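Engineer: quick one, structure for this:
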Amino acid sequence: MIEDSGFARKMAFWARNWYPARLWRDGLGAWPNNLARKSRSNLRLLARRRLARMARRYEGADFAALAARAAHDDARNGDRHQWIDDALRVAAVALAAHPPETGDRHVRREALELLDYPLNLRRSRRWRAQVGRFYQDAMARAVEEMTAADVADGLHVWKMYNMGFVVRTRRHCVGFDLHPGGKATGCLSPRQQRDLIEMLDVVFISHLHVDHLHAGFLKGLLDAGKKVVLPPTLRPSLQRANAIQVYESRPTRFQVAGVEVTCLPGWQRFYARNNVYLVEMDGHRVLHNGDNTRHGVYLHLAGAEPIDVVLANCWSGFGHGDHIHGAALLITGHENELGHAVSMRAPYRRTYAKFDRLGLTDGPDADAGPDCHVLSWGEGLRWKR
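Structural biologist: Model prediction:
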């Protein structure tokens, strides 16, 4: 049950949300992205050094051989942009060889931090084509896996893009902040979007920013009779009977599409309502926090049953609240949102630095705290108690 806080808990809430604390945490504490200060040539040099290091450390692996060739021949035929394709390909091969559940966490960290270099370049036509291929391959693989998945026990989570997640259990399939792609990556094909819509029971939208809400995709869901839960909006296309608009001053409980939902009233910085959703499905409790920076709302969860899975924003979703204490699984999101300016993107290296600072360990061999995972687009993992 959700318990109202006493005097001490209320004081803790205000300590976390008074103006100076919010200004630091939501502004100076969240940004900037140091990679934004690097020139294209600097990023290329850093990528080449990391490729060489991966080749030395993991000699004998398929991705290491690719990394060695890319590190020593990164300007084939005078093409100074070839390193982008090389870095994306090496990272993809390394991550495929070391999936989240069973892979070497050190290899995964190397591969994900390698992705930071091409994904933090400023946009160009060539860059869009290269990153778009990487995105399309990842999303196609995820949709195929979801379609074929048979979850008999526990749950299966896929990270889609930005803060987009799909969670599937034995009887339910729900989505959070799903976005089919934009100008930087290209969109999922109409067939892929139809397949995704068909398998989903309900989609939860944390807030109305365009990197979390895609009106066309939501319209397709509503046209198919699926449920969508989101904060109040004036968009006519989203004014439907199966569009549930909710944002109250206190936590709100309701049931939709057979799952129990608790909606906590958060916000992003000072200007946007942001719903934090706690969804209970087939005995599992899953929390998704969107871009919430109102960490005091997590105090409403004190005394409630433990959360199984936290889908956490990498720059605002953990480290300040109590909601990850006792959680079994933590998966981060919102790394390298390409719709943002480079200075406002959150690279994977920042997530890992935060893990290090908080004493969290990523990967299945974590000694204490939740089982933490950093995923690339389209990656999924199975989990059960």
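Engineer: which residues of the stretch 251-385 of the chain fall in strands?
Structural biologist: Along the stretch 251-385 of the chain, counting by DSSP state E, counting those that start in this stretch, strands occupy 252-256, 259-268, 272-281, 284-288, 309-313, 329-333, 371-373, 380-383.
Engineer: for His172, which of those strands is the nearest?
Structural biologist: His172 lies closest to strand 272-281 among the strands of the stretch 251-385 of the chain, at 4.4 Å (C-beta to C-beta). For every residue, glycine as well, the C-beta is placed using N, CA and C.
Engineer: which other helices and strands contact the closest one?
Structural biologist: Applying 3 or more C-beta pairs under 8 Å, 6 or more residues apart in numbering; DSSP states H and E, we find strand 272-281 packed against strand 173-176, strand 202-204, strand 227-230, strand 259-268, strand 284-288.
Engineer: distance to Val166 for these - can I get that in TSV?
Structural biologist: Formatted as TSV, the helices and strands packed on strand 272-281 follow (distance: least, C-beta to C-beta, whole Å):
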stretch	distance to Val166
strand 173-176	5
strand 202-204	9
strand 227-230	14
strand 259-268	14
strand 284-288	11
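Engineer: mind putting these into CSV with mean pLDDT?
Structural biologist: Output for those, formatted as CSV (pLDDT from 0 to 100):
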stretch, mean pLDDT
strand 173-176, 98
strand 202-204, 98
strand 227-230, 97
strand 259-268, 95
strand 284-288, 96
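Engineer: need these in TSV with distance to Leu330 and mean neighbour count, can you?
Structural biologist: Shown next, in TSV, are the helices and strands packed on strand 272-281 (distance: least, C-beta to C-beta, whole Å; neighbours: other C-beta atoms under 10 Å):
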stretch	distance to Leu330	mean neighbour count
strand 173-176	15	25
strand 202-204	18	25
strand 227-230	23	23
strand 259-268	17	21
strand 284-288	10	24
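Engineer: of those strands, which is nearest Met139?
Structural biologist: Evaluated with C-beta to C-beta, the helices and strands packed on strand 272-281 place strand 173-176 nearest to Met139, the distance being 13.4 Å.
Engineer: partner strands of the closest one and their direction?
Structural biologist: The pairing partners recorded for strand 173-176 under DSSP bridges are strand 165-168 (antiparallel), strand 202-204 (parallel).
Engineer: ok, now which ones touch the residue positioned nearest the centre of the chain?
Structural biologist: Of all residues in the chain, the one closest to the mean position by C-alpha atoms, centre = their mean is Gly333, 2.0 Å from it. Contacts for Gly333 (C-beta atoms under 8 Å, 6 or more residues apart in numbering) come out as Lys159, Asn162, Met163, Gly164, Phe165, Leu311, Ala312, Asn313, Cys314, Gly317.
Engineer: just the buried ones from the residues you listed, in ChimeraX syntax?
Structural biologist: The following ChimeraX line selects those of the contacts of Gly333 that are buried, judged by 16 or more other C-beta atoms under 10 Å:
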select :159,162,163,164,165,311,312,313,314,317
